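Trainee: Output the structure for:
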Amino acid sequence: MDNFSSQLLSTLLALAFVGLLAWVSLAMLKRLQQGRLLPGSRPDADELRFVRALPVGAKERVVVMQYRGEEWVLGVTGGGISLLSREPLRATSSDEVAHPVSPRA
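Mentor: Next up, the predicted model:
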């Protein structure tokens with residue numbers, strides 16, 4: 001019986017170690033995919049950032065993206081992607097962020 005207890009304990013310890021190793025590996029992989037593996041690191045300035053999408057049909061939509069200090073408006077259809085507009089990002093003031101202007105109906 002003593003042999004069974006020691007084998008069970010060593011198996012449970014090995015299982016706990018493998019579970020912890022898997023959890024740490026998945027957490028690091030998630031951080032790596034998000035581009036922030038090191039603590040305090042910021043996303044790259046060249047990062048492509050999704051802003052919003054507006055469906056205009058069954059398979060068509062207008063998508064707004066930000067890339068390298070520009071805002072891109074793309075037309076996306078089942079057959080391809082077209083650049084509709086590309087403009088520099090405008091600087092947003094802190095007052096504008098705190099009190100956004102809403103369209104009136």
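Trainee: hey, where'd the strands end up in the protein?
Mentor: 49-55, 61-67, 70-76, 81-88 (DSSP state E).
Trainee: Between these, which one is closest to Gln34.
Mentor: Closest to Gln34 of the strands of the chain is strand 49-55 (CB to CB; 12.6 Å). Yep, even glycine has a C-beta here, placed from its N, CA and C like the rest.
Trainee: distance of the residue nearest to the spatial centre of the chain from Glu47?
Mentor: In the chain, the residue lying closest to the centroid (CA atoms, centre = their mean) is Gln34, at 5.9 Å. The gap separating Gln34 from Glu47 is 10 Å, by CB to CB, to the nearest Å.
Trainee: picking up where we left off before, would CSV of the strands of the chain with mean pLDDT be doable?
Mentor: Converted to CSV, those look like this (pLDDT from 0 to 100):
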stretch, mean pLDDT
strand 49-55, 92
strand 61-67, 93
strand 70-76, 94
strand 81-88, 93
